[in-house]
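Asks: coordinates only, sequence not included:
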DNA sequence: CTGAAAGCGCTTACAG
DNA sequence: CTGAAAGCGCTTACAG
């Protein structure tokens, strides 16, 4: 198993120059005459030479690699949305000449796993990292930021924290929830329940807050027994609605779910209880998941652009790595109502 | 932006030993007395020390990283199946202590992109790599294998090539096609069309061959004008069936698509032409895509286990990297008929 | 414009 | 059982 084992010394010898000059050519330094450059390039190409990656890093170059860490207890394997986020980061990074090291964190309490994650930073395998699906306040992330590593976090908001190496992306959840409630209101709905998201993630409580504000703006009451807890997953949507149906005294005319996955689960539970959507109850989601247009009834939702978000976050992360200081470390995505079949006017 | 800059010299000094001993402790060598080991470990933990990754590689250690290369012209972003393959490899590698560097190849003819891909090998960024979606005979892959790099390829079959550093995975396509044709035959279908896959990929022609063999086994004729070309994507399924409907003289009673994505596209084209599935035509897929159970009509298909395949391939790849020679370099997944609603008996 | 030399942070024979 | 020293393959001041 012999690999191309040529190194810069060999190249230098064959080109009749010193390793310094070979290095200058590789790194495209200006102080090399055209003739010399060509002579060296020719040998490099002939031997398919590529400078050893580790050696470059040892002498101070960047890794041109970012870490992508997905926090997810559930099987990521089956969630097309989560998977799409990964590929989006990869494409965005690759466009900018960066490689992506991806890691899936099943359990942030597992010491072995977390050591691996931190080590990618400590060992200088990567120039920076992106975290998706983490709790709003996650000690190990704060530790990495405190240590000076460049870190991007999806869905985070910590009051007063704006270190230059912290890059954040969110959606305008307050606005999105208002759009949803406004629409339901316009259809005549006054009794609206909310399936709330994971309380540890920033968007969970923020969406709940947006729901509250929007309801109050219309003078509507928010019933605490109609705030159904969940954790953003299809399964949790199914289970909490199933349970809630058993204990609730009366039903609302509409349910606004914290995201579409939860709405899918809720729909399943409602169907099983012979409650028709949208006949008996209107159901609204949030995210505009890839499946939302395909299920029956097609889900009315709040569209957000994950693709744009991940692209922007990756871009800002790399900018921060390269220039250290950028204009804005924060991305806030807009929201838009997408009307389909799962909500109907109250008669 | 100061990072943890401690190195083995510092650790050695604080622990009152030499760097050699620190190294021995880190690498868990047996010739270190328990007392010394503990003394060193304590300092290591206290300072959150992790040996520099590049330095270890420079001195001969493995990178514990594999490359994952997805060849795909289409937007990977939207295909949940392709995305699932990626996460499966990541989870499988991570389980074995390996990291995954993922790269998406939009165009194998783009020199810049291909240079990047090859360089991950040449620069020794990775210990080996997996290719998904590549043509059966892809020169750059053959080149890497010839250079001695450990390479895993999904869906490849090259007669007589079985280098020790070539790891392959396939499904039993002949058997799968037979199961599908047998089922359609049992429903009374005699006039069956096939939407063929990408002719450059191994599974395309192999599935066509399986279709031929199965048809002939039943004494059925394979009409060349009922072999509809496609390239495995939803869009190509849609476009080729749309075009085929315009030119075909008569319709078959059943269509067997090379995979489910293509079947989705075909279904869309058939619906638009007011041809009812399964009322007017039965439609069978291959793969058992995540969406197949959800669409209407739910798609009858040939189930294959991509998750198991990618897990096995990743495992074999890593085995080959670590032990150089393993038992079997080849994985062949089984197929299974999954009956849903898109095929019905011929009356 | 160019080369000799130091340095990056490890691991590993080698010697004791 | 343990340390001094060489070596991995680059880059980069430094000197000319």
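Replies: Everything's here; your move. As the structure is a prediction and not an experimental result, all values here were calculated from the model. Numbering: from 1, shown residues only, chains lettered A, B, ... in the order given.
Asks: Spatially, what comes nearest to residue A:72 if we skip its sequence neighbours?
Replies: residue A:133 (5.2 Å; C-beta to C-beta, 6 or more residues apart in numbering or on different chains). Any C-beta I mention is one placed from the backbone N, CA and C, and that applies to glycine too.
Asks: how far away is that neighbour from chain B?
Replies: 13 Å (C-beta to the nearest C-beta, to the nearest Å).
Asks: my guess is that residue meets residue A:153, correct?
Replies: No - contact criterion C-beta atoms under 8 Å: residue A:133 and residue A:153 do not qualify, at 10.0 Å.
Asks: When the two are compared, which one has more neighbours?
Replies: For the pair residue A:133 and residue A:153, the greater number of neighbours falls to residue A:153 (25 against 21), based on other C-beta atoms under 10 Å in any protein chain shown.
Asks: What ranges does the stretch 151-300 of chain A have for its strands?
Replies: A:166-171, A:192-196, A:227-229, A:254-257, A:282-284 (DSSP state E, counting those that start in this stretch).
Asks: Would you mind finding the most buried of those?
Replies: Among the strands of the stretch 151-300 of chain A, the stretch with the highest mean neighbour count (mean count of other C-beta atoms under 10 Å in any protein chain shown) is strand A:254-257, at a mean of 29.
Asks: as a whole number, average confidence for that one?
Replies: Mean per-residue pLDDT for strand A:254-257: 98.
Asks: List the neighbouring strands of it plus their orientation.
Replies: The pairing partners recorded for strand A:254-257 under DSSP bridges are strand A:192-196 (parallel), strand A:282-284 (parallel).
Asks: Name the residues that touch the last one?
Replies: Contact with strand A:282-284 is made by A:180, A:183-184, A:187, A:189, A:253-257, A:263, A:266-267, A:270, A:277, A:299-302, A:342-344, A:346, as judged by C-beta atoms under 8 Å, 6 or more residues apart in numbering or on different chains.
Asks: repeat that for 6 Å
Replies: Contact with strand A:282-284 is made by A:180, A:254-256, A:263, A:277, A:300, A:342-344, as judged by C-beta atoms under 6 Å, 6 or more residues apart in numbering or on different chains.
Asks: got it, and the first one?
Replies: Strand A:192-196 is contacted by residues A:184, A:208, A:211, A:226-230, A:252, A:254-258, A:262 when judged by C-beta under 6 Å, 6+ apart.
Asks: Quick check: mean pLDDT of that strand?
Replies: 98.
Asks: same thing with the shortest one?
Replies: Averaging the model's pLDDT scores along strand A:282-284 yields 98.
Asks: Neighbours of the residue of the stretch 101-250 of chain A found nearest DNA strand D, how many?
Replies: Closest contact between the stretch 101-250 of chain A and DNA strand D, by C-beta to the nearest atom of the strand, is at residue A:124 (13.1 Å). Number of residues near residue A:124 (other C-beta under 10 Å) recorded here: 21.
Asks: Okay, and it sits in which element?
Replies: Residue A:124 is part of no helix or strand, with elements assigned from DSSP states H and E.
Asks: show me what contacts it?
Replies: Residues near residue A:124 by C-beta under 6 Å, 6+ apart: B:52-53.
Asks: re the thing from before, just put the strands of the stretch 151-300 of chain A in TSV and tack on distance to DNA strand D.
Replies: Converted to TSV, the strands of the stretch 151-300 of chain A look like this (distance: least, C-beta to the nearest atom of the strand, whole Å):
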stretch	distance to DNA strand D
strand A:166-171	25
strand A:192-196	51
strand A:227-229	53
strand A:254-257	52
strand A:282-284	54
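Asks: export those strands to JSON lines and tack on distance to residue B:16?
Replies: Below are those laid out as JSON lines (distance: least, C-beta to C-beta, whole Å):
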{"stretch": "strand A:166-171", "distance to residue B:16": "38"}
{"stretch": "strand A:192-196", "distance to residue B:16": "55"}
{"stretch": "strand A:227-229", "distance to residue B:16": "54"}
{"stretch": "strand A:254-257", "distance to residue B:16": "60"}
{"stretch": "strand A:282-284", "distance to residue B:16": "66"}
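Asks: of all those, which lies closest to residue A:47?
Replies: Among those, the nearest to residue A:47 by C-beta to C-beta is strand A:166-171 (40.0 Å).
Asks: Run the chain-centre distance for the closest one.
Replies: Relative to its parent chain, strand A:166-171 has a centroid offset of 9 Å by C-alpha atoms, centre = their mean, to the nearest Å.
Asks: Packing partners of it?
Replies: Packing partners of strand A:166-171 (3 or more C-beta pairs under 6 Å, 6 or more residues apart in numbering or on different chains; DSSP states H and E): strand A:150-154, helix A:306-323, strand A:330-333.
Asks: Quick check: which of the ones you listed is buried the most?
Replies: strand A:150-154 (a mean of 27).
Asks: Partner strands of it and their direction?
Replies: strand A:128-132 (parallel), strand A:166-171 (parallel).
Asks: Now for residue A:203: which residues touch it?
Replies: A:155, A:173.
Asks: Let's see that with 10 Å instead.
Replies: Contacts for residue A:203 (C-beta atoms under 10 Å, 6 or more residues apart in numbering or on different chains) come out as A:136, A:154-157, A:170-171, A:173, A:176, A:197, A:210, A:232, A:258-259, A:286.
Asks: which one of those residues is nearest residue A:148?
Replies: residue A:156 (18.0 Å).
Asks: Please report phi then psi for that closest one.
Replies: phi -140, psi 150 (degrees, to the nearest 10).
Asks: what's the nearest residue to the residue of the stretch 201-347 of chain A found nearest DNA strand D if we skip its chain neighbours?
Replies: Closest contact between the stretch 201-347 of chain A and DNA strand D, by C-beta to the nearest atom of the strand, is at residue A:322 (14.0 Å). Computed as C-beta to C-beta, 6+ apart, the closest residue to residue A:322 that is not its neighbour in sequence is residue A:62, at 8.0 Å.
Asks: Which positions in the helix-or-strand element of chain A with minimal mean pLDDT come out as buried?
Replies: When the helices and strands of chain A are scored by mean pLDDT, DSSP states H and E, helix A:80-95 comes last with a mean of 85. Buried residues in helix A:80-95, counted by 16 or more other C-beta atoms under 10 Å in any protein chain shown: A:80-94.
Asks: where does it sit relative to the chain's centre, distance-wise?
Replies: On C-alpha atoms, centre = their mean, the centre of helix A:80-95 falls 9 Å from that of its chain.
Asks: what inclination does that helix have with respect to helix A:306-323?
Replies: Interaxial angle, helix A:80-95 versus helix A:306-323 (axes from the mean of the first three to the mean of the last three C-alpha atoms, to 10 degrees): 40 degrees.
Asks: after helix A:80-95, next one along is what?
Replies: Following helix A:80-95 in sequence order, the next helix or strand is strand A:99-105 (DSSP H and E).
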